[in-house]
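Engineer: requesting a structural model of the entry that follows:
(one chain, ligands or ions: 1)
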Amino acid sequence: MSEQDGEGTDPVEVRRVADAAAHIRDAERVVVLTGAGISAESGVPTFRGTAGLWKSFRPEELATPAAFVRDPRLVWEWYGWRRALIAECSPNAAHRALASLALDRPGRCTIVTQNVDGLHHVAAREVATGREAATGGDVSPEPAFPLEVHGAIHRDRCSDCAFVDDAPGPVDATSDLGLPSCPRCGALLRPDVVWFGEALDPNTLEAAMDAAHEADVCLVVGTSALVYPAASVPTVTAAGGGAVIEVNLEPTPLSRSANVSLLGRAGDLLPRILEAL
Ligand code: OAD
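Structural biologist: Reported below is the predicted structural model:
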């Protein structure tokens, strides 16, 4: 039997997919929390686990404000490598399933992502464009745009003033002169992502927590659920009496308390949950 033959035929898994779909179907409001695992099938490396980035790279040398002050070229070299890698990646079936869910429920489904790769945005545009082609009417992708609580890697932000913009192109980190500087104040630009020891954007975090609080269901996809405050999204929903559905390759600290825990690939399980709605 090949791996594919087995997909969808395990009776326990089939029942759990149906349970997950029933929770979502009955929910007035849904919040979704995604992590690096949802983009793994698109080719974006995760952070933890055997092949995770933090196995080969030290976060304190690459993803802290102190690291940037100490060696901005090294930090830019690493983010330049990740930008180039992500630029080659496309959304997968899991991103598209979530985009469809959010477009079906405008204003009633909020996607909160810890990912900085922008693939939820690309999927939202793809699904909206597909629906426009099918219906002939305007379909806005906006309801499927996520709250990016850890920022966006394709943007630059000033290390001193409030300037933020899309990065114009690759950064030459081979010399200090090649590093980008702020067009407003001249300070060094940095990637617009949250580093260890930094606070999340308060407005984005508040919107995420409001969505978690109001939701009847929190769907948690491809996150180790270890990094706070993002990891508190499902606990906020659960504290308000909502259900938690988890989709992950392996158990996490959340699995035991989840109402439905599905072990498997997001790209397989999310389209099946959506089909069962
Ligand atoms: P992690 O790398 O910690 O966890 C990824 C999770 O995805 C693991 O639990 C895997 O089992 C799961 N996974 C992998 N492939 C999957 C697949 N195909 N389908 C379903 N699940 C899969 O990534 P995050 O939880 O996102 O923060 O990490 C949280 C934060 O820690 C990141 O945003 C980043 C990192 O340090 C910052 O950079 C601020």
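
Engineer: ok, the nearest residue to residue 122 once chain neighbours are set aside - contacts?
Structural biologist: Sequence neighbours aside, residue 91 is the residue nearest to residue 122 in space, at 5.1 Å (criterion: Cβ to Cβ, 6 or more residues apart in numbering). Placement of C-beta: from N, CA and C, glycine included. Taking Cβ atoms under 8 Å, 6 or more residues apart in numbering, we find residue 91 in contact with 42, 99, 119, 120, 122, 123, 126.

Engineer: for the first one, the count of nearby residues, please.
Structural biologist: Read it as residue 42. 20 (other Cβ atoms under 10 Å).

Engineer: list the contacts for it?
Structural biologist: By Cβ under 8 Å, 6+ apart, the contact list for residue 42 reads 89, 90, 91, 92, 95, 117, 119.

Engineer: change it to 7 Å
Structural biologist: Listed by Cβ atoms under 7 Å, 6 or more residues apart in numbering, the contact set of residue 42 reads 89, 90, 91, 92, 119.

Engineer: quick one: the third one from residue 207, how far?
Structural biologist: If I follow you right, that is residue 91. Residue 91 sits 22 Å away from residue 207, going by Cβ to Cβ, to the nearest Å.

Engineer: quick check: phi and psi at the residue of the chain found nearest the ligand.
Structural biologist: Taking Cβ to the nearest ligand atom, the ligand has its nearest neighbour within the chain at residue 37, 2.2 Å off. Taking degrees, to the nearest 10, you get phi -60, psi -30 for the backbone angles of residue 37.

Engineer: separation between the residue nearest to residue 122 and residue 139?
Structural biologist: For residue 91 relative to residue 139 (Cβ to Cβ), the value is 17 Å.

Engineer: repeat that for residue 93.
Structural biologist: Look at residue 93 and residue 139: by Cβ to Cβ, they are 19 Å apart.

Engineer: just to revisit the earlier point, residue 248 is in contact with the residue of the chain closest to the ligand, correct?
Structural biologist: Yes: with contacts counted by Cβ atoms under 7 Å, residue 37 reaches residue 248, the gap being 6.3 Å.

Engineer: can you map out the strands along the stretch 101-250 of the chain?
Structural biologist: For the stretch 101-250 of the chain, the strands defined by DSSP state E, counting those that start in this stretch cover 109-113, 147-148, 151-158, 164-166, 189-193, 217-221, 243-248.

Engineer: partner strands of the shortest one, parallel or antiparallel?
Structural biologist: In other words, strand 147-148. Strand 147-148 has its sheet partners listed here by DSSP bridges as strand 109-113 (parallel).

Engineer: touching the ligand at all, the partner strand?
Structural biologist: No: using Cβ under 6 Å from any ligand atom, we find that strand 109-113 stays clear of the ligand, coming within 8.5 Å at best.
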